[in-house]
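Quick one: sequence plus predicted model below, questions after.
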Amino acid sequence: METSAPLDIVIVGGGTAGWMVGTALVSGLRPHQARVRLVESDEIATVGVGEATIPAMRDYNRFVGIDEVEMMRETNGTFKLGIEFLDWGFKGSSYHHPFGVHGAAIGGAGFHHHWNRARLAGHDFDIEQFSYAIAAARDDRFEFPNPDPDKIDSTYSYAYHFDASLYAKYLRKVAEGRGLKRTEGKVVDVTRDPLSGDVASITLASGEVIRGDFFVDCTGFRGLLIGQTLNSPFEEWTDWLPCDRAWAVPCARADRFTPFTRSTAREAGWQWRIPLQHRTGNGYVYSSRYISDDEAAATLMANLDGEALAEPRQIRFKAGRRTASWTRNVMAAGLASGFLEPLESTSIYLVQIAVMNLLKLFPGKRGEPALVEEFNRRVDMEYDRVRDFLILHYHANTRTDGELWKHCREMEIPESLKHKLELFRHRGVAPNYHDGLFALPSWISVLLGQGVLPGGYDRMVDNVPLPQALAEMERQRSAIARRVPAMPTHADFVASHCAIPERPVAEAMA
Amino acid sequence: MSRPVRTVVVVGAGAPLWLTALALRKAFGAGGLVVRAVETAPPTPGLSHAGLPAVGNLHQLLGLSDVELARRCGAVPSLGQRFAGFAGDGSAFLHPYDTHGHAVDYVDFVHHWVLARRRGLKTALEDFSLGAAAAKQGRIVEGDDPGRLSSPGVGLHVDAVAYAALLRQRALADGVSVEQGAVTDVERAGERIEAVVVEGGAVVAGDLFVDVGDGALIGQMPGAGFESWSAWLPFDRVLPLAGQRLNTLPAYAHIEAVEGGWVGLYPLQDRTAGLAVYDSEAADAQAMVRRAEAVSPLGWRQGEALVLEPGMQTRPWIGNCVALGAAAIALDPSDAAPMHALQAGLSHLVTLFPADIDGGPEARAYGAAMAAHGRSLRDFQAMHYHLNRRSGAPWEAARRVEPPADLAYKLQLFGARGVVPTREDEAFQPANWAACLIGHGVIPQAHDPLAEGVSEAEQIQIFQKILGRIAVDVGRMRPLESRLAAMAQRPAAPGPAPLRFT
């Protein structure tokens, strides 16, 4: 009963999603198991404005066997310790969502519970001073975490900022080297098997017909196979996440070379800032319900910390996901599968979990409905969790400007999120999932950062007398404060570790 | 301003009562929490408890050492459970507290085994498990050895009366106070219990009441409800048995399906503890004693049969009353599930210990976590019954009943492809499910095609290497009997310093 012939997999669409899927498939599969083809058209532009990632990205790179230094050089990459959120909870507020913990447990009780007791007793510590990742980020410093878990500088993780289109280009080299066959061409027709209803082949403008056993739809928002051909419905989440457009523009690298993404809340959305080696990516994500396109573009251009290097480009989208991102013999990845705004840098992660789950639930020649159902269950869970986490950023605000913020504050949120908020407000308990995003420290940083302060704390805190706990907190804080200044700056670290080769400006800009 | 709980009253009997009282005291005692135990009855004589490996963490938190448990409670470590008679054809399998083999090229070993079986392999899945091999050879796992093929977990069997006595002594030494006697009255205003009145007239007041007994206290709260699981867990009687000590103690429990129910054998140091779990419409105590004798002729003496109604409280936390253990989730004794349900409940109660005397969102969160955990335990038990191939009532009926939806989904996905779907709050890991599903005859129809990345010759080599490593690893382990003898000789060292709940 062994699969006699390899499965013919056709990926339609390149871009970051297409190349991530393709590279993982040719890295995880042997030639007698699958033949992987990717069809893309140079005529269709990809959305490449600089992209931020989360630490899970490193698992992907490890799986496909990518050399970090090489990848950083090829993609103008920089390091990322977290995200700085400005003006989110209220105007003037600032907090970091770090890739790391806030403090170490004391007497078995979570650090944030001790912090909260201290706060309720009138000791108003800034919890961010207990996060190594935040202290390093605020100081624009970076180095790799210490592998010794007893050391203070082991308490964080990191991810990357890079140019996503260069990353796709880099992956293309890797994948083609491993046997992926790329075909240039525009798809003009899709044929379905009249009996099974599965997608049977695609036809290119050149007239070439490409048959496949399994198709991966990476055609972006239009979802050529998953949507236009198989009509998998799209579930909209725009009531909760009303932003539906963005302007993106690169600008010259600023003096401050931050090892973090910045997200600044604006009247009708938020602005991203992603530092790359040779320039900075910027964008304004906004809701067209609350601001005009022109006004949004003007806002973005007025808020750059370097000279604009191009005209702003507009992107349109809709928050939501396919109700079944694997339908029949088609799996969608990237924007064809769903869209969640890049507020928590999850776009690449969602592609990653799609392809890794596809490998875990790899189809045979005959379709198996149980595998499809399980794949969709796993992907849905990931989407739902990220969605709730994003909604939290919008909902927990006390901003007085802008209708968007009033709407988000007053809107009915998903039950799942409502319960999490209640529990945290009451006594500081936050979700701690077995797998998937986001981990406990992420919830704590965003909840506290958005101004959701717990009225109570874990009772185990009381086992440690307050003065003793305060002394331990002070010890942790000073350990961080002592160690961070010894780190290299992010700029120096990148320059010595993975700097892009010197190139004429014109070429680097291309 | 919040008002913290100052006094918690724990109502129940036996080990569940004292585990709970001691655990709450260890978790919150230093912060001033007063724990009062209401001991409604002495522990049931002749009973034993079976604990999964996770119970070791609880014992560590409570400061109880293995040596102490072995010396004072006749405890015997256990590496798994052997299931016999479920197929009705004399076959048996072992559910080890361990994984099988190791993943090859990111593909779980089970898929490689399914593929190899198709290519003609005759070796059983359990032979590729270090834990199962050790159990069958009467060896015991001690300490962590990263050089081993895998890290088998160690559960235990313990005499219920001695275990309760040890825990009781520890709890009292740790400052828990006790009133003895059945609860005769509950002083309650709406959702708030003020006090329970104990036989003899003592009034025990508190801020929070924990029902770890028969569920009567939670049951009298307004809004309480019970979800019955008897459609899937068909046995309504549990008969404690005691038989002679086995000559050489096995390092596992033996569960054998018989006419009308099943018989469990749990080796203790001084005797073999037994349980007969049956359907009272299909068998009676006398018949079950005879069947136990047929399983193993150990001269069984019987205790008093206990009535069992499997199911869960739909709201295990109402007002200031929290249900734990059997009061919240009533399961039959298979799979060491009752102890596991108690431990999970304790862990959730500690995490969600009310921040305020007037309660809050903790009750809902606790209820959701308990329901998820309870149902996953129920599904694991129901799996054994659903997959039996015996003839006669109640086994045929158990096979015919539509399984709970989550279980049906697991069966379908595993049957099709050898994948175990997991959710949050699962009691058992995919390896546990795979061991039992395959043991009961659910062989996946297809393996992960990626398993074929390894050629047949390579695969044979990998399998032989695994079997070789298991032989070496087991050879380095002590026989269970020598381990027990060594513990009996060692001076009763004080237990390890208690850790903290995290």
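Perfect, I can see it now.

In stretch A:27-35, which residues are buried?
For stretch A:27-35, burial by neighbour count (16 or more other CB atoms under 10 Å in any protein chain shown) applies to A:27-29, A:33-35. Yep, even glycine has a C-beta here, placed from its N, CA and C like the rest.

Could you list which of those also contact chain B?
By CB under 8 Å from any CB of the partner chain, the members of the buried residues of stretch A:27-35 lying near chain B are A:28-29, A:33.

sorry, back to before: same list, the buried residues of stretch A:27-35, but as a markdown table with pLDDT and secondary structure please.
Below are the buried residues of stretch A:27-35 laid out as a markdown table (pLDDT from 0 to 100; DSSP: H, G, I helix; E, B strand; the rest coil):
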| residue | pLDDT | secondary structure |
| --- | --- | --- |
| A:27 | 93 | helix |
| A:28 | 89 | helix |
| A:29 | 89 | coil |
| A:33 | 87 | coil |
| A:34 | 92 | strand |
| A:35 | 95 | strand |
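
Alpha carbons of stretch B:335-344, as PDB, please.
C-alpha atoms of stretch B:335-344 as PDB (Å, rounded to 0.1, in the frame of the first residue of the first chain):
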ATOM      1  CA  ASP B 335      -6.400   4.300  33.900                       C
ATOM      2  CA  ALA B 336      -5.700   5.600  37.400                       C
ATOM      3  CA  ALA B 337      -8.100   8.300  36.400                       C
ATOM      4  CA  PRO B 338      -9.700   9.200  39.800                       C
ATOM      5  CA  MET B 339      -6.400  10.300  41.300                       C
ATOM      6  CA  HIS B 340      -5.500  12.200  38.200                       C
ATOM      7  CA  ALA B 341      -8.800  14.100  38.200                       C
ATOM      8  CA  LEU B 342      -8.200  15.000  41.800                       C
ATOM      9  CA  GLN B 343      -4.700  16.200  41.100                       C
ATOM     10  CA  ALA B 344      -5.800  18.300  38.100                       C
END
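
got the residues of the stretch 351-500 of chain A near chain B?
So far as CB under 8 Å from any CB goes, the stretch 351-500 of chain A lies against chain B at A:359-362, A:364, A:368, A:370-371, A:373-374, A:377, A:419, A:422-423, A:426-427, A:429, A:433-434, A:455-464.

at 7 Å what do you get?
Residues of the stretch 351-500 of chain A lying close to chain B by CB under 7 Å from any CB of the partner chain are A:359, A:361-362, A:364, A:368, A:370-371, A:374, A:377, A:419, A:422-423, A:426-427, A:429, A:433-434, A:455-457, A:459-460, A:462-463.

Run through the residues that contact whichever residue of the stretch 1-150 of chain B sits closest to chain A.
Residue of the stretch 1-150 of chain B nearest chain A, by CB to the nearest CB: residue B:31 (2.9 Å). Applying CB atoms under 7 Å, 6 or more residues apart in numbering or on different chains, we find residue B:31 in contact with A:459, A:462-463.

which of these tops the neighbour count?
When those are compared by neighbour count (other CB atoms under 10 Å in any protein chain shown), residue A:459 ends up highest, at 24 neighbours.

nearest residue to that one other than its sequence neighbours?
Spatial nearest neighbour of residue A:459, excluding adjacent residues (CB to CB, 6 or more residues apart in numbering or on different chains): residue B:353 at 4.7 Å.

you'd agree the one you found is up against residue A:457?
No. Taking contacts as CB atoms under 7 Å, residue B:353 lies outside contact range of residue A:457: 10.7 Å.

How many residues are close by residue B:131?
Using other CB under 10 Å, residue B:131 is surrounded by 31 other residues.

On the three-state scheme, it is what?
Of the three states, residue B:131 takes helix under DSSP: H, G, I helix; E, B strand; the rest coil.

Report the contact partners of the nearest residue to it once chain neighbours are set aside.
Of all residues not flanking residue B:131 in the chain, residue B:98 sits nearest, at 2.8 Å (CB to CB, 6+ apart). Shown in contact with residue B:98 (CB under 7 Å, 6+ apart): B:129-132, B:150, B:152-153.

try residue B:46
Listed by CB under 7 Å, 6+ apart, the contact set of residue B:46 reads B:240, B:242, B:303.

which residues touch the second one?
It stands for residue B:242. B:46, B:271, B:273-274, B:300-301.

swap the cut-off to 6 Å and go again
B:46, B:271, B:301 (CB atoms under 6 Å, 6 or more residues apart in numbering or on different chains).

The first one is in what secondary structure piece?
Translated: residue B:46. Secondary-structure assignment from DSSP states H and E places residue B:46 in no helical or strand segment.

And for residue B:332?
Short version, using DSSP H and E: residue B:332 is in no helix or strand.

can you check residue B:483 too?
If you go by DSSP H and E, residue B:483 is part of helix B:480-489.

Show me which residues of that helix are buried.
B:480-481, B:483-484, B:487.

before we move on, what about stretch A:441-449?
Buried residues in stretch A:441-449, defined by neighbour count with 16+ other CB under 10 Å: A:441-449.

Mind telling me which residue of the stretch 1-150 of chain A is nearest chain B?
residue A:108 (2.2 Å).
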